[in-house]
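*Asks:* Following is a predicted model, sequence given first.
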Amino acid sequence: MTNLITSPQIIRLQTAMRKHFDSRDERLDFYSPVLIANAAVLRQEPELVKAFLAASKQGYLDTIEDPVAGVEALSAVAPELDRDFLLASQKWVNDYYLSEAGKWGVIAQERWNGFAAWMQEHELLASEIDPNAAYDSSFIG
C-alpha cells in the first residue's frame, strides 16, 4: 500500500470521475465513500484504525436508521450545505451503504478490481497496483 494518492492525483480523480460519471462507466459501481489510510498508520496504530472504523460504522448505521438525524448532524458542521438536497441524497444512498449481505465496510472484489483498473487507466495512481493488496477489511469488526 505504498501507492498513496497525492493532492494533484485527487484533483485528477475528481475531474475524471465527473467526466466519466456521465458515461456511466460500470467500473464506477459504488456509492459509499472509500476510506483511505496511510500504510504506516495501519501498521503502527491498528487499534486507532479499528476505533475510527467502529465509530464510522456506527455513524453510517445510525444514519441508515434515521436519515433526518444524519442530515442534521452533517448540517451542524456544514451549515452551508442545502438540507433538502442532503436529505434527498441520503434517502437515496441509504440503500447502498450496506453490502448485498447487509454488512457495512465490505466491497465485492470485482467492484474493487474494476475501480482499480479505472484509476490505472486514467493514470490516477503513481504506479500499477495489485488490487488485492490495495485494501484490507480486517480492521472492521
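*Replies:* Looks like it arrived, so ask away.
*Asks:* show me the biggest helix of this protein in terms of residues.
*Replies:* In the chain, ranked by residue count with DSSP state H as the criterion, the top helix is helix 46-65.
*Asks:* continuing past that one, what's the next helix or strand?
*Replies:* The helix or strand immediately downstream of helix 46-65 is helix 67-77, counting by DSSP states H and E.
*Asks:* just the CA coordinates of that next one, formatted as CSV?
*Replies:* Taking Å, rounded to 0.1, in the frame of the first residue of the first chain, the C-alpha atoms of helix 67-77 are listed here in CSV:
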residue,chain,number,x,y,z
PRO,A,67,-31.6,9.8,7.7
VAL,A,68,-33.0,13.0,9.1
ALA,A,69,-30.8,12.8,12.2
GLY,A,70,-27.8,12.1,9.9
VAL,A,71,-28.5,15.1,7.8
GLU,A,72,-29.0,17.3,10.9
ALA,A,73,-25.6,16.1,12.2
LEU,A,74,-23.9,16.9,8.9
SER,A,75,-25.7,20.3,8.7
ALA,A,76,-24.4,21.2,12.2
VAL,A,77,-20.8,21.1,11.0
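*Asks:* quick one, phi psi at residue 98?
*Replies:* With angles defined as degrees, to the nearest 10, residue 98 sits at phi -110, psi 150.
*Asks:* try the one 3 residues further on
*Replies:* Geometry field for residue 101 lists phi and psi as phi -90, psi 0, criterion degrees, to the nearest 10.
*Asks:* Look up how far residue 107 lies from it.
*Replies:* For residue 101, the distance to residue 107 (Cβ to Cβ, to the nearest Å) stands at 12 Å. In short, each C-beta sits where N, CA and C put it, glycine included.
*Asks:* which residues of the protein fall in helices?
*Replies:* For the chain, helices defined by DSSP H occupy the ranges 7-21, 39-44, 46-65, 67-77, 83-93, 109-121.
*Asks:* tell me the most buried of these?
*Replies:* For these, average neighbour numbers computed from mean count of other Cβ atoms under 10 Å are highest in helix 109-121, which has a mean of 16.
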